[in-house]
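Peer 1: I would like the atomic coordinates for the input below:
(2 chains)
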Amino acid sequence: MRETTPHSTGPLSALIRLGSGLRASSHKLGPWKLVASAVIVVVTVVVFSPEFFQQRNLLNVSRQSSIVGVAAVGMTLVILTGGIDLSVGSTLAVSAVVVASVLNSGHPVWLAAVAALGVGAVAGAVNGIGVAHLGIQPFVMTLATMVALRGVALRITDGGPRIFDSDSSLLDIFGSGEVLGLPGPFVVFLVLAALGWFVLRYTAFGRYLFAIGGSTEAARLSGVPIRTTLVGAYMVSGALAGAAGFMTAARLSVGDPSGGRLLELDAIAAVVIGGTSLAGGVGGMLGTVAGALLLAAVSNVLNLAGVSPFDQFIVKGAIIVAAVLVGARAAKRKVGSSTDGDRVEPWWRTDRFRPDSQSSATADQRSQTEHSASGREKNTINYDEKREQQ
Amino acid sequence: MKRFIRSGVEWGIRMLGNNLGTQTLDFQDVRAAKPLLEMRGISKLYPGVQALHNVDLELHRGEVVALIGENGAGKSTLLQVLAGATTPDAGELRIDGELVRLHSPADAQKLGIATVYQEFNLFQALTVAENVLFHNMPRRFGMIDWARARELAQTYVDRVGAGIDVSRRVAELSVAEQQMVEIAKALARDARVLVLDEPTAVLGGSDVDELFRIVRDLRADGVGVIFVSHRLEEVFGLADRFVVLKDGELVGQGDVADVDHDSLVSMMVGRELDQASHRVRSSVRDEVLLQVEGLRRDGVFEDISFTVNSGEVVGLAGLRGAGRTEVARAIFGADQLDGGAVLLRGAPVRIGSPGRAVALGIGLVPEERKTQGILTNLSAPPNISLARTAKTRSLLAFPRGERSVADRHIQNLGIRIPRVDQPTIQLSGGNQQKVVLAKWLEADVSVLILDEPTRGIDVGAKAEVYETIRDLCAQGIGVLLISSELPEVLALSDRILVMYRGRITAELPADQASEERIASYAVGAAHA
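Peer 2: Here you go, the predicted structure:
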């Protein structure tokens, strides 16, 4: 890695550097890298699309990052436990059409907001119970609810979008309005992210998320309430997806049952770019905020530079891979700096340090050895499982 | 083209090796011949650490060399160099006198160096045959010849005498059987140098004997074996020569016949260590803390009754598989009980989950430190505070508070930790175990169950863990100690229970116990 002497060739690589710099700072490799990366990004973007830094455009970018960002805040909690929530896009759609229905039947805006959060929390509770109590793999469980909830949203509106009329200024704040000169949704995003950051850093619940992601069994044997914590994480993710649905409906004045498609993937991308490991146990909220902003900024810069929407998808994909690769190398380099000679991790375990393969194969193998006859698959949360008789 | 030449050369080397291997039948004068493996002046510098400094190692055909040293001494790094996983900064490696360079694990394997790690490299979902022949499945018309594969694999497995059916899946095998599969795999690749990294750490008594028999057979076939162990009696029982590393340097080597236990220990730790002989005066108090009555878990253990007093260490001895770990987990609420009662300070309690056990003041230091004891992704402070947070059901957790709590324990227990905020995966085994102990100290437990607390921990750290256990007892904590190391059980326990096949077969006061007595009860030989 030559972050120390960057020779950027374009906005893309510069943005990647920004991502890696953010991640590096979260690993305490030196905050100056973040500054250096930011400077490079600024310079390159100014050269390629100077309009980017116009105030109006920046506000636009922040607004565009909000919906994905809110979903990504909840997603961060779930991914920290080693899980995933694919259902946030469908939850957003259900929430949006529920908001439209509630408002159409003449109820006040606050009730619509409560309904949106409630619907999301219920969807999350279903996910959480499936994962924590029934032992279904998070990917499978939330894939199922993703499909089912899309059906629910379509059924409520009979397929078409549901338009509603509201001149509520409260609703406007969450949609297209402004608070203190900033876009309303962006303020919501920042507030929720700050809350999320606080939860991760200063609450027992936050500790438990990291503990479960590190090793469910070790956490359980330390007295951590696994089921409650997992259900809580999925409920938060669902509720925040519901909030994103409320914001989407408020913005467009319509409850669209096919809204929020691919939201789950954008949210996951934001989390991963932010340095949170898909294997769980490693990561944080600041990275997620940066990841969401980065994704929105990339889209915006590419738009300004006149790149076609089709090509933008390709670039986005490339950025996700590049950001994760750079982060992986940074993490791997840290391994070499281990101070205890004998404990320098051998090659077959080094992948433990890569953000995206934290639970190494050997650990899985070990646990499979223990629960040999159980035949369960490796990502299932088996904390209920009895030790097999030898 | 380059690759072609290289494989040709390797083929030549292997043929040469095979020929030598079959011709050198008289191993008495092998020392005169060129060593099978020769490492000279191996050095490896990691940032801030000289992991290896100018280390020499020789291995002859048909010889077993024990590589010993404390954790952090450089053993793992040396094994990595040998396995081709790490490239040394300086030094040379010769096989049969030929200078070789290992750029990757594949290079090492091609040269006949096979390494069996503690964490096996087996595909759990595949059969034994597929694992053994993974690198060279027999083919016919381009397709795998399964009949021949099974036959061939069976010959290798039979050579280690394991009697394992090669069509079974590895996941179904016991740890000992998996280890044998690893060795069979090495044989299938014509390994001439077999490296065993703490092979006995995962085995129970009779399995160790079986492993030793296999190693001796291989030695008789001319294979050179390097094995790492923390148990010195194994060094004397198996090895021909020993090599001692300390702080990355070679501090001693020679024939095992020429040294005794104490001199090896002092070479390893660099100081005289009065070995576990001092059983300190007991701190047992009158109060019964934990009492269990007729505990039963169907098919695993039954009729388990005992008490643990305040300030007492009750040793639970027995062979691996006797049900000791299972009893501990059931008392802790990690596994379900099918019958029996648990009483804490005389009051019956129902412990349905570990969370409940923690709330009641019971702690468990599990056998599998890295996957069950410590959270390797987190630094020491959150690890240490985790159980207390769970116990008190507090809603908030403050990093700064955790930090000062951790600082206190780090100082009291002498945890060596370069940076407090580094993930605990970077700590040595002994220091990780102390973090786990600190977690339970912080959670203010009154009963602590220790399951193999010093497994894989070096001699120096062991002594410190013993000291911590004694301190705990002096404070009135009751300890249930599960250990397969009899000297450890004898040195620490006030009372010793012996389990055999899911039952307690003996209860011995410390002054009436001896290794022989415990061992005879543990194998079900003695009459109570």
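
Peer 1: Alpha carbons only: can I get the helix or strand where residue A:128 lies in CSV?
Peer 2: Using DSSP states H and E, residue A:128 maps to helix A:109-128. Coordinates of each C-alpha in helix A:109-128 appear next as CSV, following Å, rounded to 0.1, in the frame of the first residue of the first chain:
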residue,chain,number,x,y,z
VAL,A,109,-48.9,12.5,10.3
TRP,A,110,-47.5,11.4,13.6
LEU,A,111,-49.7,8.3,13.5
ALA,A,112,-48.4,7.5,10.1
ALA,A,113,-44.9,7.8,11.4
VAL,A,114,-45.6,5.5,14.3
ALA,A,115,-47.3,3.0,11.9
ALA,A,116,-44.2,3.1,9.6
LEU,A,117,-41.8,2.4,12.5
GLY,A,118,-44.2,-0.2,13.9
VAL,A,119,-44.6,-2.1,10.7
GLY,A,120,-40.9,-2.2,10.2
ALA,A,121,-40.3,-3.3,13.8
VAL,A,122,-42.8,-6.2,13.4
ALA,A,123,-41.1,-7.2,10.1
GLY,A,124,-37.7,-7.1,12.0
ALA,A,125,-39.1,-9.1,14.9
VAL,A,126,-40.2,-11.8,12.4
ASN,A,127,-36.7,-11.9,11.1
GLY,A,128,-35.2,-11.9,14.5
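
Peer 1: Could you list the buried residues of it?
Peer 2: Residues of helix A:109-128 classed as buried: A:109, A:112-113, A:115-117, A:119-128 (neighbour count, 16 or more other Cβ atoms under 10 Å in any protein chain shown). All C-beta spots, glycine's among them, are computed from the backbone N, C-alpha and C.

Peer 1: where's that helix relative to the chain centroid, distance-wise?
Peer 2: In terms of Cα atoms, centre = their mean, to the nearest Å, the centre of helix A:109-128 is found 18 Å from the chain centre.

Peer 1: so, in contact with chain A or not, stretch B:431-442?
Peer 2: Yes: part of stretch B:431-442 sits near chain A under the criterion Cβ under 8 Å from any Cβ of the partner chain, namely residue B:439.

Peer 1: from the chain's centre, how far out does that stretch sit?
Peer 2: Relative to the chain's own centre, stretch B:431-442 is displaced by 19 Å; criterion: Cα atoms, centre = their mean.

Peer 1: Name the residues that touch it?
Peer 2: In this structure, residues lying in contact with stretch B:431-442 by Cβ atoms under 8 Å, 6 or more residues apart in numbering or on different chains are A:222, B:363, B:365, B:369-370, B:373-374, B:376, B:380, B:383-388, B:405-406, B:409-410, B:413-417, B:424, B:427, B:448, B:453-454, B:457, B:461, B:464-465, B:468, B:472.

Peer 1: Same check on stretch B:260-269?
Peer 2: B:68-70, B:73, B:232-233, B:235-236, B:242, B:244, B:246, B:251-252, B:272-273, B:275, B:458-460.

Peer 1: List the ones among the residues you listed that fall in strands.
Peer 2: Using DSSP state E, B:68, B:242, B:244, B:246, B:251, B:252 are the members of the contacts of stretch B:260-269 that sit in strands.

Peer 1: Which residue lies nearest the spatial centre of chain B?
Peer 2: residue B:201 (2.9 Å; Cα atoms, centre = their mean).

Peer 1: Confirm residue B:308 sits in a helix?
Peer 2: No: under DSSP: H, G, I helix; E, B strand; the rest coil, residue B:308 sits outside any helix and is assigned strand.

Peer 1: so it touches residue B:447, yeah?
Peer 2: Yes: between residue B:308 and residue B:447 a contact is recorded at 6.4 Å, counting by Cβ atoms under 8 Å.

Peer 1: one step back: for ChimeraX, write a command that selects the buried ones of the contacts of stretch B:431-442.
Peer 2: A single ChimeraX command selects the buried members of the contacts of stretch B:431-442 (16+ other Cβ under 10 Å):
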select /A:222 /B:363,365,369,370,373,374,376,380,383,384,385,386,387,388,405,406,409,410,413,415,416,417,424,427,448,453,454,457,461,464,465,468,472
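
Peer 1: Okay, now the unreliable bits of the stretch 1-150 of chain A?
Peer 2: In the predicted model, the stretch 1-150 of chain A carries pLDDT under 70 at residues A:1-38, A:41.

Peer 1: how much space between residue B:305 and residue B:363?
Peer 2: According to Cβ to Cβ, to the nearest Å, residue B:305 stands 22 Å off from residue B:363.

Peer 1: and what of residue A:81?
Peer 2: 24 Å.

Peer 1: With residue B:332 instead?
Peer 2: Counting by Cβ to Cβ - residue B:332 and residue B:363 are separated by 8 Å.

Peer 1: tell me, what's touching these two both at once?
Peer 2: What both residue B:332 and residue B:363 touch, as defined by Cβ under 8 Å, 6+ apart, is the set B:357, B:449.

Peer 1: Brilliant, that's me finished.
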